[in-house]
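>>> Please find the sequence and the predicted model below.
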Amino acid sequence: MHPSDISSFPSYLCKAYLNSLEEMQLVYNTFNNLKGCIRKYLPKELKEPQIAYQERLKRTRFDNRFKPAIAGLSGLLSEFTINNDVAPSILAAQNNIDGQGNSLHAFFSEADSLALRDGWCGIYVEYPPQSEEIESQADFIASKRRPYFVLIDRRDILNWRHTWIGDIQFLTQVTIRERRIVSDGDFGEVEKIYYRVLAPGYYQVFEILEDKNQKHQLILIEEGVTSLNFIPLVYYSVNKSALFSAEPPLLNLAELNIEHFQKRSELNEVMRKINMPVPVRKGLIRTAEDIKKAPPIMIGPNSGVDIPADGEFYFAEPTGNAIAASEIRIDKLEAAMDRLSLAFLTGGENNRTATEVLLDSAQTTASLKQMAERKESNVQQAFEFWAAYTGEKNGGTITQDKNLLQMPLSPEATQRVIDLAQTGFISHEALLFILRLGKILPRDFDIKRELQLTGNIEANQTPESQNQ
């Protein structure tokens, strides 16, 4: 382990990082199905035999509702269009925006997923250093040198410093932990950890080595300058704008998911014990010596049990009084998780009134609109950093679909609108505008161009331009 409490090492964890460590671990573990940490959330009971505990762990299944909720929300936020003001170099790279083969939409979908899971993540705009072999503009074009986006997990941004200019925070230093897989021997590989320290205009990369006496040595392995007078790191958050301070928006859902897991384990054990009644022979054993003489019980259709004339044989079953209470608690937990994960929109709660669904839908729609607006701002900042490297005038913007929870028009409603156009009650422009607004046509459907191609221009302005 590299030192995390020595301020002269880049591996130092700042107080803000340490304060959020517990919640970061909780959402990460929940997202990853409690892999490798199930004992932390389902501990051994007092005096529970080890074998019984191990068997209980094997029987308990984690019903992950946290990860699908994040996938659903990030899917909603993926509905955006690239505007015409986006820099040409970004448009040219949109099918491989990160140099790893991910498109612009796929990259920001993953960024949304991390931000929804952890509260925020980082997007670093990297620009490869110029090669000495590039001597002309033709060489530059042939080299395909361009910026690219790097997605950074919140857990890898270890410490930072910032300053205020007016009411805006600007980063003056930040440390990013990097994990690299390097060759080891003829066929093996090993993971090494490096620390990239960024500052306006330059960067350094360090490695920390440990000797046999467990003393650490800081080694500078790379450094360089950039053409920017700021750190091109976007603080990407969809629920709070203050720098590096957003909490996981679905933290409550993760906590409920853990509680649900624990309650289901308890219920499963109660059910298992009730379904395994214990055979009892009454009257066979009267003295301590009788215990040694008592034959073992053989239960089955081809066996019998001998007991004294005044004895009794029966199965002792525990009562199931706790089952109903446990089931009610589990049902309430599932209802709460449904509300937090938008399951009410897909029939996850059958017993809720239309008014309750409408209120929840309105609140969620407002929240998602705020997320969409913050995403537009975050992406615009990433584009601006990109353009600062390339020298283009503007980075450009995206337009996020604000009606994220709006369902597409039903087939019946769609047909009624078409009928109105066919009978002349509405224009062709209005028809296409309504179909696009109703999500029958894609958001980037160009109404004016389509009308020009089909010769159906009926007015100087489309409904779209009239509403701008």
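Looks like it arrived, so ask away.
>>> Give me the distance between the biggest strand by length in the chain and the centre of its chain.
In the chain, assigned by DSSP state E, the strand with the most residues is strand 168-184. Taking Cα atoms, centre = their mean, to the nearest Å, one finds strand 168-184 lying 21 Å from the centre of the chain it belongs to.
>>> So which residues make contact with the helix or strand following that strand?
Sequence order places strand 188-199 as the next helix or strand after strand 168-184, per DSSP states H and E. Outside of strand 188-199, the residues that reach it under the criterion Cβ atoms under 8 Å, 6 or more residues apart in numbering are 2, 10-11, 124, 158, 171-184, 203-208, 221, 231, 233. No exception for glycine: its C-beta is placed from N, CA and C like everyone else's.
>>> Give me the buried positions along the helix or strand just after strand 188-199.
Using DSSP H and E, the helix or strand that follows strand 188-199 towards the C-terminus is strand 202-210. Applying a neighbour-count criterion of 16 or more other Cβ atoms under 10 Å, one finds Y203, Q204, V205, F206, E207, I208 buried in strand 202-210.
>>> Reformat those residues as JSON lines; add distance to Q214 and pLDDT.
Conversion of the buried residues of strand 202-210 to JSON lines gives the following (distance: Cβ to Cβ, whole Å; pLDDT from 0 to 100):
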{"residue": "Y203", "distance to Q214": "29", "pLDDT": "96"}
{"residue": "Q204", "distance to Q214": "25", "pLDDT": "97"}
{"residue": "V205", "distance to Q214": "23", "pLDDT": "97"}
{"residue": "F206", "distance to Q214": "18", "pLDDT": "97"}
{"residue": "E207", "distance to Q214": "17", "pLDDT": "96"}
{"residue": "I208", "distance to Q214": "12", "pLDDT": "95"}
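>>> Now, of the contacts of strand 188-199, which are buried?
When these are checked for burial by 16+ other Cβ under 10 Å, the buried set is 2, 10-11, 124, 158, 171, 174-177, 203-208, 231, 233.
>>> in its sheet, what does the longest strand of the chain sit against?
As defined by DSSP bridges, the strand partners of strand 168-184 come to strand 157-165 (antiparallel), strand 188-199 (antiparallel).
>>> thought E376 was touching Q400?
Yes - taking Cβ atoms under 8 Å as the definition, E376 is a contact partner of Q400 at 5.0 Å.
>>> These two: which has the busier surroundings?
Per other Cβ atoms under 10 Å, whichever of E376 and Q400 has more neighbours is Q400, with 23 against 17.
>>> Now for that one: which residues touch it?
With contacts defined as Cβ under 8 Å, 6+ apart, the neighbours of Q400 are L77, E79, F80, A372, E373, K375, E376.
>>> Next, work out how far apart the nearest residue to E207 once chain neighbours are set aside and Y195 are.
Here the nearest residue to E207 in space, its sequence neighbours aside, is I219; by Cβ to Cβ, 6 or more residues apart in numbering that works out to 4.7 Å. Taking Cβ to Cβ, to the nearest Å as the measure, I219 and Y195 are separated by 10 Å.
>>> what touches both of these two?
Taking Cβ under 8 Å, 6+ apart as the contact criterion, the common neighbours of I219 and Y195 are F206, E207, I208.
>>> As JSON lines, those with distance to E189 would be great.
As requested, the shared contacts of I219 and Y195 are arranged in JSON lines below (distance: Cβ to Cβ, whole Å):
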{"residue": "F206", "distance to E189": "22"}
{"residue": "E207", "distance to E189": "17"}
{"residue": "I208", "distance to E189": "20"}
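>>> right, and out of the residues you listed, which lies closest to T30?
Relative to T30, the closest of the shared contacts of I219 and Y195 is I208; by Cβ to Cβ it sits at 30.8 Å.
>>> Next, find the distance separating that closest one from I219.
The gap separating I208 from I219 is 7 Å, by Cβ to Cβ.
>>> Around I152, count how many other residues there are.
Taking other Cβ under 10 Å as the definition, I152 ends up with a neighbour count of 22.
>>> ok, back up a step: so I219 and Y195 - more neighbours on which side?
Neighbours were counted for I219 and for Y195 using other Cβ under 10 Å; Y195 has more, 23 against 10.
>>> Could you break this structure into its assigned domains?
With automatic domain parsing serving as the domain definition, the record reports that the chain contains domains spanning 278-316, 407-468.
>>> check contacts around the closest residue to E247 other than its chain neighbours.
Closest residue to E247 in three dimensions, ignoring its sequence neighbours and counting by Cβ to Cβ, 6+ apart: G119, at 5.0 Å. The neighbourhood of G119, defined by Cβ under 8 Å, 6+ apart, consists of S20, R154, S237, N239, K240, A246, E247, P248, P249.
>>> The closest residue to the second one other than its chain neighbours: neighbouring residues, count only.
Leaving aside its chain neighbours, R154 sits nearest to D118 (4.4 Å; criterion: Cβ to Cβ, 6+ apart). Under the neighbour criterion other Cβ under 10 Å, D118 is assigned a count of 24.
>>> Would you mind confirming that D118 makes contact with E247?
No - contact criterion Cβ under 8 Å: D118 and E247 do not qualify, at 9.1 Å.
>>> Now for those two: what residues contact both?
What both D118 and E247 touch, as defined by Cβ under 8 Å, 6+ apart, is an empty set.
>>> re the thing from before, quickly, which of the domains of the chain bottoms out on average pLDDT?
Note on the domains of the chain: domain 278-316 shows the lowest mean pLDDT, a mean of 69.
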